[in-house]
Every structure is written in C-alpha cells, then in structure tokens.
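Colleague: Quick one: sequence plus predicted model below, questions after.
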Amino acid sequence: MTADALAPWADASAPARAPGLGSSNTGPSQTDGMAHLRPFETVAALPIAAAFFRALNEAGLKYGIIQDLSSLPDGLAGRDDLDVLLDKSDYSVFCSIVSQLHGRRSVSLSCYDNVCAGREDWFLPDFSCGRYLHLDMHIGVRVGREFRKRYLAFDYAAIARWEPIHVDGVPVPVVSAEDEIRIAIARLAFRAWTLTWRRWVIVGDRWKDQLARLPFASDGQGLHVVEYPFGGGRTVICRFRQTADTLVAHRGDLASLRRSIREKDGFTGRYGVADGAVHLVRKSSYLALRLLQRLMPGSFPPKRRPMAGGLVVALIGPDGVGKSTQARRLTQILRWKFGCAQAYVGIGDGSGWWLRKGLQNLVFPHRRRLKSLAHDDGRDSSRRDRAKGGVAATALALWAVLIAFERYAVVKRSHRWATRGLIVICDRWPQAQRSGYLDGPTIPPHLFSIPGLSALARLERKLYEKMAGCRPHLVLHLVSDFAVSALRKPGEIKREAFDARLSLMAELRAQDKDIRTVDANGSLEAVNQELFRHIWLSL
C-alpha cells in the first residue's frame with residue numbers, strides 16, 4: 001500500500017487523526033526520506049519528555065511512537081501511556097538513558113494482558129512538575145488475544161515510514177498513517193469475532209473511531225483495502241466496508257491475516273482454541289484478583305509495582321505543616337500506575353478503628369475534665385474525688401493502650417503491604433523517645449507508680465518500642481515556621497508545643513542520618529514536588 005494510493009475515507013483528512021496537532025515543523029522521514037509527510041504542530045509536554053527524546057536522538061537510537069496519535073498529547077503531558085517501539089540492538093543504550101533520567105521499571109501481575117516478551121513498563125519522573133511519564137517500551141509489536149499477546153507482528157524494521165513531530169522543539173518520529181492502520185488491523189484481527197456463518201465482522205466503536213481517522217485505499221467498488229506483504233511475494237489483503245453508521249470487516253480476510261502472522265512466527269498448527277482458552281483463564285484470574293483487591297485492599301499484590309518492591313514512607317511534622325494534604329496528593333499521583341495506599345497513624349480526623357473513633361466521639365467533650373482528675377495527686381481532695389481521679393486515670397491508661405494497639409496494627413499492616421509491592425504513604429509515625437509528642441506514648445509518668453496502672457504503662461511502652469523497631473523505608477520531616485502553622489490551622493497548637501515538636505524532630509534526625517528534611521514553608525505545589533522527588537529516588 002503506497003502513499004500515493006491512499007485516499008481519504010469517511011472524510012478523515014490527514015491532520016484530523018490527531019486533534020490538537022496542527023500544521024508546522026515538518027521534516028524528512030527517519031527511514032526512507034519520502035516527501036509525502038503530513039504536517040504536525042509542536043506538541044506541548046512535560047519537560048522530561050523533551051529531555052528524554054533529545055537524549056535518544058543524540059545517542060542515535062532507532063525508535064518511534066506507534067500509538068494512536070489522538071492520545072499523544074495526553075501521553076506527553078503525563079495523563080496517558082506512550083507506546084515507544086525500539087530496535088532490539090538499541091535496548092541496552094535505552095536502559096542506560098532512562099536510568100540516567102531516574103527512570104524506574106515496574107513489574108506486572110503474571111496474568112496481566114501486557115505481560116509478554118519484548119514489552120516493558122518504564123516510568124520517567126518530572127521533578128519540576130511532581131508527575132511522571134509512563135512509557136510502554138516495545139521491542140516488537142505483539143498481537144493476539146487481550147491476555148494472550150504472543151505473536152510478533154511488527155518490529156522496527158517492518159515500519160515502512162516514520163513521520164516527525166516536535167516536542168518542545170525536539171523532533172520525534174511517529175508512525176505513519178499507513179503503518180498505524182496496519183498495526184491497528186493486525187490487533188483487530190485477533191480481537192474481533194462473529195458467528196461462523198456470517199461473512200462480515202462488525203468493528204467495535206473503539207476500533208471504528210481509530211480507523212475513521214486514518215486514510216484507506218479503495219478498490220473502486222465501495223470496499224477499502226489494506227495490504228500486508230509477507231515473505232515469498234505473498235500478500236494478504238483485509239477488506240472493510242462502511243454501511244450507514246457501521247464499519248464491517250471481512251471475516252475471511254481477518255482469519256487469513258491471523259494465520260499468516262502465526263505462520264511467520266513459526267506457529268504452523270491451529271492455535272485459535274488454545275489461545276482462547278489461555279485468554280479466558282488469564283482474564284478470569286485477573287478479574288478475580290481485581291475484585292479481591294477491592295474487597296481486601298493490600299491483601300494481594302497490585303496490578304503494577306516497582307521493580308525494587310514496595311516502600312513505606314512516613315510524613316512527620318507538627319500540626320499545620322500539611323501532612324494529611326500532602327499524603328493524599330502523593331497517594332493520588334503515585335496511584336495512577338503503581339499500587340499505592342495511604343495509612344493514618346494519628347487519632348484525629350483520619351481513618352481508624354471504629355471502636356476507638358466511637359469512644360473518642362463520646363469522650364472528646366469531657367477530655368479536659370478527665371485529664372484534670374487523672375493528674376490530681378489527691379492530697380487536697382475528698383475520698384470521693386480521689387476515687388473519681390483513680391477511675392479517670394485508669395480510663396486514660398486503657399485509652400492509651402488501645403491507641404498503642406491500633407498504631408501497632410497500622411505499622412505492621414503498612415510493612416505487609418510494602419512486602420506485597422505497594423507504596424504506602426503514612427500520615428505520621430510513632431516514636432518511643434519522648435511521651436506526649438509526635439504520636440509517642442501518652443500515659444503520664446506519675447501513673448507508673450500506681451499499682452495496676454504501671455502494668456498498662458509498661459505494656460504501652462513495650463508496644464512503642466516494637467514500633468520503633470519497624471522503621472519506615474523513608475522518613476520525611478516537614479518543618480516550617482510557627483506562623484505558617486498558625487495560618488493554616490489557627491488555634492490548633494501553641495507555640496511552646498510547636499517548638500517542642502520541632503526540637504524532638506531534631507533529636508530524631510541526630511540519631512538517624514537517613515531522615516530527610518523538607519521545608520514546608522513553601523506553596524502546596526512546591527512542597528509536593530520536593531516530597532515526590534524524595535520518594536521517587538527511593539523507589
């Protein structure tokens with residue numbers, strides 16, 4: 001199928017196949033120098049995209065983008081995937097370039113549809129925006145059932161022509177219209193089906209929308225034809241017909257294309273039944289796992305996880321520095337492609353045990369009175385007041401132990417989730433160094449001398465010591481001025497308590513040199529970008 005033989009189909013002009021891409025910046029083809037190039041506008045993208053493609057060009061790598069170009073602007077902006085086809089001989093250089101840009105590779109579930117040889121998920125961070133690109137790196141384009149993609153249909157050399165676009169001034173080769181339609185139909189041939197006695201297969205809306213943006217060659221009889229040359233001078237054709245609002249494909253042509261691709265890869269028998277059975281088993285397993293992940297979050301490995309495994313991240317700081325807000329934002333950003341969960345270790349408005357939250361709502365209005373009774377030494381009080389004080393002290397001790405057990409459960413669960421491959425963002429983290437601050441022990445020291453309560457105090461201390469031994473993989477201290485905290489949460493904390501927390505954080509950093517400090521005085525976006533950078537470099 002030559003470029004001169006192409007004719008517009010369904011009134012699809014050349015620029016219409018990529019909304020938002022206009023006319024400018026054309027250049028010679030990367031492969032054959034054909035002059036028939038459709039113009040594309042410079043595409044806006046994350047800064048890391050331009051740096052990545054510039055590095056590939058300077059290294060002389062043979063690559064190109066092979067996805068539906070209507071989704072290209074979203075892909076370059078970090079809102080969709082980027083399908084990159086790479087020549088096999090350049091794979092090692094590609095890995096080196098991506099690693100220099102702090103790229104990370106992920107591992108997917110074995111039953112996932114995209115787990116196949118010659119395809120990898122790479123992620124490139126953009127620290128200036130606090131986001132990342134998702135690269136679907138292909139050594140060859142593999143086709144097959146959704147969960148059975150094992151047939152190599154195209155490699156880099158099989159793409160007849162590449163066309164240039166510009167990403168922030170950097171030229172990037174994208175697949176030509178005729179090659180894009182050949183790839184799309186090869187994929188369609190293994191997905192579409194109809195009853196055996198029907199001659200034409202109805203093309204689904206997703207495929208129809210993509211094909212409608214691409215030019216077809218016509219045989220002059222109302223049929224649109226796509227040709228596939230194979231070895232030995234053999235050519236397979238696929239015929240399409242537009243009827244009213246329906247696009248149909250010839251069933252026999254699609255079957256012939258499937259057989260030819262299988263034979264080219266050395267599969268000479270009948271593999272349709274086997275492919276369908278494997279696809280059904282894998283898809284059933286995948287859907288079952290997704291359902292179980294919704295019913296029991298964190299109990300199963302996520303769909304996609306970092307190559308180096310999961311990570312527990314703790315955000316620590318006084319009230320008003322933005323821990324909860326940043327934890328939510330980071331979870332949302334990372335959860336786009338990775339398995340990511342959020343954990344809360346405090347006793348405020350975050351999630352927690354229903355028993356503790358119910359008791360907290362019941363007792364919270366009387367908390368000051370209970371603390372006053374519990375701290376009264378009883379010398380100037382009546383016997384009745386001393387009895388009330390003892391009951392209040394016991395209640396507070398039991399309350400502190402309940403909180404300690406809840407925090408211990410959250411700490412252990414966070415590490416379990418990370419073992420299964422999740423990135424866990426923890427709002428706060430317990431410490432055992434000083435009582436009453438930064439989610440540490442809360443039983444007052446004078447209760448240690450009271451018979452009965454001393455056992456509860458020792459139990460609480462033991463739980464916090466165990467939690468201190470389960471350190472997060474990354475600890476981030478958010479520090480700010482008191483004025484910033486008072487502005488964000490007026491009246492939430494006094495200056496003396498704020499300074500005491502900062503002083504304790506400085507002591508913790510002196511003991512653990514791996515703790516990172518983040519200035520929380522800046523804007524929400526600036527702090528988020530700095531936190532994202534620390535987390536990404538720890539993956």
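Modeller: Here it is on my side, so go on. Numbers count the residues shown, from 1 in each chain.
Colleague: I'd assumed residue 150 was in contact with residue 140.
Modeller: No - contact criterion CB atoms under 8 Å: residue 140 and residue 150 do not qualify, at 11.2 Å. For every residue, glycine as well, the C-beta is placed using N, CA and C.
Colleague: Let me know the average pLDDT across the helix or strand harbouring residue 224.
Modeller: Using DSSP states H and E, residue 224 sits in strand 223-229. Confidence for strand 223-229, expressed as mean pLDDT, is 82.
Colleague: Could I get the buried residue list for the helix or strand just after it?
Modeller: Later in the chain than strand 223-229, the nearest helix or strand by DSSP H and E is strand 235-243. For strand 235-243, burial by neighbour count (16 or more other CB atoms under 10 Å) applies to 236, 237, 238, 239, 240, 242.
Colleague: do stretch 394-405 as well
Modeller: Buried-residue list, stretch 394-405, by 16+ other CB under 10 Å: 394, 396, 397, 399, 400, 401, 402, 403, 404.
Colleague: likewise stretch 491-501?
Modeller: Here stretch 491-501 shows 493, 498, 500, 501 as buried, counting by 16+ other CB under 10 Å.
Colleague: same check, this time on stretch 104-122
Modeller: Here stretch 104-122 shows 104-109, 111-114, 116, 118-122 as buried, counting by 16+ other CB under 10 Å.
Colleague: What is the end-to-end distance of that stretch?
Modeller: Start-to-end span of stretch 104-122 (CA to CA, to the nearest Å) is 6 Å.
Colleague: about what we covered before: name the member of the buried residues of strand 235-243 with the shortest distance to residue 227.
Modeller: residue 237 (5.4 Å; CB to CB).
Colleague: any idea how far that closest one is from residue 254?
Modeller: 11 Å (CB to CB, to the nearest Å).
Colleague: How about residue 184?
Modeller: Taken as CB to CB, the span from residue 184 to residue 254 is 12 Å.
Colleague: Specify which residue of those two has the higher count of neighbours.
Modeller: Here residue 184 and residue 254 are set side by side on neighbour count (other CB atoms under 10 Å), and the busier one is residue 254, at 23 against 17.
Colleague: Doesn't that one belong to a strand?
Modeller: No - counting by DSSP: H, G, I helix; E, B strand; the rest coil, residue 254 is not part of a strand but helix.
Colleague: And the pLDDT at it?
Modeller: pLDDT, read off for residue 254, is 91.
Colleague: one step back: keep only those of the buried residues of stretch 104-122 that are in strands.
Modeller: Those of the buried residues of stretch 104-122 mapping onto strands are 104, 105, 106, 107, 108, 119, 120, 121, 122, per DSSP state E.
Colleague: from those, which is closest to residue 324?
Modeller: Distances from residue 324 to those, taken by CB to CB, are shortest for residue 104, at 26.3 Å.
Colleague: From residue 251, how far out is that closest one?
Modeller: 43 Å.
Colleague: all helices of the stretch 1-150 of the chain, in order?
Modeller: 47-58, 72-76, 91-100 (DSSP state H, counting those that start in this stretch).
Colleague: Mean pLDDT and mean neighbour count for the ones you listed - can I get that in JSON lines?
Modeller: Below are those laid out as JSON lines (pLDDT from 0 to 100; neighbours: other CB atoms under 10 Å):
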{"stretch": "helix 47-58", "mean pLDDT": "96", "mean neighbour count": "19"}
{"stretch": "helix 72-76", "mean pLDDT": "90", "mean neighbour count": "21"}
{"stretch": "helix 91-100", "mean pLDDT": "96", "mean neighbour count": "15"}
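Colleague: I'd like those as a markdown table, with distance to residue 134 appended.
Modeller: Shown next, in a markdown table, are those (distance: least, CB to CB, whole Å):
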| stretch | distance to residue 134 |
| --- | --- |
| helix 47-58 | 11 |
| helix 72-76 | 8 |
| helix 91-100 | 12 |
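Colleague: Looking at these, spot the one closest to residue 345.
Modeller: Taking the helices of the stretch 1-150 of the chain one by one with CB to CB, helix 47-58 is closest: 33.1 Å.
Colleague: Also compute the angle for the closest one relative to helix 91-100, please.
Modeller: 150 degrees (axes from the mean of the first three to the mean of the last three CA atoms, to 10 degrees).
Colleague: so where do the helices sit in the stretch 251-400 of the chain?
Modeller: Using DSSP H, counting those that start in this stretch, helices in the stretch 251-400 of the chain cover 251-264, 272-295, 323-334, 354-363, 367-375, 383-419.
Colleague: still on that earlier bit, and the buried residues of stretch 104-122, which two are the farthest apart?
Modeller: It's 104 and 111 that sit farthest apart of those, by CB to CB, at 22.3 Å.
Colleague: Report the buried residues of the strand holding residue 224.
Modeller: 224, 225, 226, 228.
Colleague: Return the set of residues that bridge with the third one.
Modeller: Here residue 226 shows beta-bridge partners residue 238, assigned using DSSP bridges.
Colleague: was I right about it contacting residue 181?
Modeller: Yes - using CB under 8 Å, residue 226 is in contact with residue 181, at 6.1 Å.
Colleague: Pull out the buried residues from stretch 328-346.
Modeller: For stretch 328-346, by 16+ other CB under 10 Å, it's 329-331, 333-335, 337-346.
Colleague: Let me know the average pLDDT across it.
Modeller: Stretch 328-346 comes out at a mean pLDDT of 93.
Colleague: Stretch 265-273 now?
Modeller: Mean predicted confidence for stretch 265-273 is 77.
Colleague: Helix or strand with the lowest mean pLDDT in this protein?
Modeller: helix 367-375 (a mean of 55; mean pLDDT, DSSP states H and E).
Colleague: Which strand residues bridge the nearest residue to residue 203 once chain neighbours are set aside?
Modeller: Spatial nearest neighbour of residue 203, excluding adjacent residues (CB to CB, 6 or more residues apart in numbering): residue 247 at 4.4 Å. Here residue 247 sits in beta bridges with residue 242, going by DSSP bridges.
Colleague: Just confirm residue 247 contacts residue 208, I think it does.
Modeller: Yes - the criterion here is CB under 8 Å, and residue 247 meets it with residue 208 at 4.7 Å.
Colleague: Relative to residue 167, which of the helices of the stretch 251-400 of the chain is closest?
Modeller: helix 323-334 (22.0 Å).
Colleague: send the alpha carbons of the closest one over as PDB?
Modeller: The C-alpha trace of helix 323-334 is given here as PDB (Å, rounded to 0.1, in the frame of the first residue of the first chain):
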ATOM      1  CA  LYS A 323       1.000  16.200  56.300                       C
ATOM      2  CA  SER A 324      -2.500  15.000  55.600                       C
ATOM      3  CA  THR A 325      -2.900  17.100  52.500                       C
ATOM      4  CA  GLN A 326       0.400  16.000  51.100                       C
ATOM      5  CA  ALA A 327      -0.300  12.400  51.900                       C
ATOM      6  CA  ARG A 328      -3.500  12.500  49.900                       C
ATOM      7  CA  ARG A 329      -1.900  14.200  46.900                       C
ATOM      8  CA  LEU A 330       1.100  11.900  46.800                       C
ATOM      9  CA  THR A 331      -1.200   8.800  47.000                       C
ATOM     10  CA  GLN A 332      -3.200  10.200  44.100                       C
ATOM     11  CA  ILE A 333      -0.200  10.900  42.000                       C
ATOM     12  CA  LEU A 334       1.600   7.500  42.600                       C
END
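Colleague: Look at residue 140 and residue 150 and report which has more neighbours.
Modeller: residue 140 (21 against 16).
Colleague: residues contacting the more buried one?
Modeller: 85, 88, 118, 152, 153, 154, 155, 156 (CB atoms under 8 Å, 6 or more residues apart in numbering).
Colleague: What about the first one, how many residues nearby?
Modeller: Right, the one you point to is residue 85. 25.
Colleague: same deal with the fifth one?
Modeller: The burial count assigned to residue 153 is 23, neighbours taken as other CB under 10 Å.
Colleague: For the one helix or strand it maps to, output the C-alpha coordinates as PDB.
Modeller: Element membership of residue 153 [criterion: DSSP H and E] is strand 148-155. The C-alpha coordinates for strand 148-155 follow below in PDB (Å, rounded to 0.1, in the frame of the first residue of the first chain):
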ATOM      1  CA  ARG A 148      -2.500 -13.800  25.100                       C
ATOM      2  CA  LYS A 149      -0.300 -11.500  23.100                       C
ATOM      3  CA  ARG A 150       2.400 -13.800  21.900                       C
ATOM      4  CA  TYR A 151       2.700 -13.200  18.100                       C
ATOM      5  CA  LEU A 152       5.300 -10.800  16.800                       C
ATOM      6  CA  ALA A 153       3.600  -8.900  14.000                       C
ATOM      7  CA  PHE A 154       6.000  -5.900  13.500                       C
ATOM      8  CA  ASP A 155       9.400  -4.900  14.600                       C
END
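Colleague: All good on my end, thank you.
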